[in-house]
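>>> Below is the sequence, then the predicted model.
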Amino acid sequence: MNKLNFLTAGMPLSNGNKGYDSAFKILNDMNLDGLELEFVHGVRISDNSKAIVKNSGLIKTAHAPFYINLNSKEDDKVEASVQRIIETANVTNELGGYSITFHAGFYMGNSKEDTYVKIREQIKKITNELEKTNNKIWIRPETTGKATQWGDLEEIIRLSKEFEYVLPCVDFSHLHARYNGTHNTYDEFSQMLELIGKELGDIAINNFHAHLAGIDYSSKGEKRHLNLEESDMNYKDLLKAFKEFQVKGVLVCESPNIEDDCLMLKQHYATLLS
Ligand SMILES: [Zn+2]
């Protein structure tokens, strides 16, 4: 990607119950750059919508279903999770998408190492399957907001190193919540970006996929998303670090007010560049 792009998580609120056609028109009118398809309750999109999304001219990413646990103790649940990720990757690739993201799984009382090994095995199945159809979309496990969920930044970087088309989806709000308030200063954002660049190379910085929202949290981690101005999420310093590290790719805004915070982020970022 040649710049940092700002995407809404799902269709804009002001779209009401209308479809993708008017959603993309709103995004265009607001000068936003694209949309993350929310397949969180299942990979469902009509053929008519597919044509609209594909021809929108904007950037598309997708969030895979929430019902995914690659570390489930039940084999059929693991297999269903693998299939949901493959399905998300196939549909999003068909739509000309850039990247897909998912919450990979839970520790389920297992050690970090055992969980890693199990998740890596499933990711291998997924990438092997996508390779067969020459699907080169980015596959991105997301950094998660609770200590019970697999996916701190180090784990996701480690996994990304092992597969050509796997890179992190860095949800900065989740990391801030996961650690009950840290990961929220310019220095901390810089350290994370530096680590990603050092471990994964320029390709990761030039093809970034980030999530951001205001967030409420406790010692147990993420509680709920908030609008940025109602939270302590330090988005200004995050954008400053993005500029400093010349991060290119997509930043998906997951605030409840969807397009409003997305536009605020894009406009604030523009002031840093001018
Ligand atoms: Zn997510």
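Received the coordinates, thanks. Bear in mind the structure is a predicted one, so any value in this text is a computation, not a measurement.
>>> Surely residue 233 is in a strand?
No. Applying DSSP: H, G, I helix; E, B strand; the rest coil, one finds residue 233 to be coil, outside a strand.
>>> where do the helices sit along the stretch 151-274 of the chain?
153-162, 172-178, 186-200, 202-206, 235-244, 259-273 (DSSP state H, counting those that start in this stretch).
>>> in the last one, what's buried?
The neighbour-count criterion (16 or more other CB atoms under 10 Å) identifies 259-266, 269 as the buried residues of helix 259-273. From N, CA and C alone the C-beta is placed, and that goes for glycine too.
>>> Could you do the fifth one as well?
Buried residues in helix 235-244, defined by neighbour count with 16+ other CB under 10 Å: 235, 237-242.
>>> Please render those as TSV that adds distance to residue 274 and pLDDT to the earlier fields.
Shown next, in TSV, are these (distance: CB to CB, whole Å; pLDDT from 0 to 100):
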residue	distance to residue 274	pLDDT
235	18	98
237	18	98
238	18	98
239	13	98
240	14	98
241	18	98
242	15	98
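>>> how long is stretch 243-250 end to end?
Taking CA to CA, to the nearest Å, stretch 243-250 runs 13 Å from one end to the other.
>>> List the contacts of it.
With CB atoms under 8 Å, 6 or more residues apart in numbering as the contact definition, stretch 243-250 has outside contacts at 1-7, 33-34, 36, 59, 61, 98-99, 190, 193-194, 197, 205-210, 241, 269, 272-273.
>>> Centre-most residue in the protein?
Per CA atoms, centre = their mean, the C-alpha nearest to the average position across the chain is that of residue 169, at 4.3 Å.
>>> quick one: it and residue 209 touch, right?
Yes. If you go by CB atoms under 8 Å, residue 169 and residue 209 touch, sitting 4.6 Å apart.
>>> Name the nearest residue to residue 97, sequence neighbours excluded.
Nearest residue to residue 97, sequence neighbours excluded (CB to CB, 6 or more residues apart in numbering): residue 60, at 4.2 Å.
>>> partners of that neighbour in the sheet?
Using DSSP bridges, the bridge partners assigned to residue 60 are residue 35.
>>> Residues that sit against both of residue 169 and residue 209, list them.
99, 101, 140.
>>> Now for the last one, how many residues are close by?
The one in question is residue 140. Look at residue 140: counted by other CB atoms under 10 Å, it has 24 neighbours.
>>> Contact partners for residue 3?
residue 248 are the contacts of residue 3 under CB under 8 Å, 6+ apart.
>>> separation between it and residue 251?
Using CB to CB, to the nearest Å, residue 3 is found at 11 Å from residue 251.
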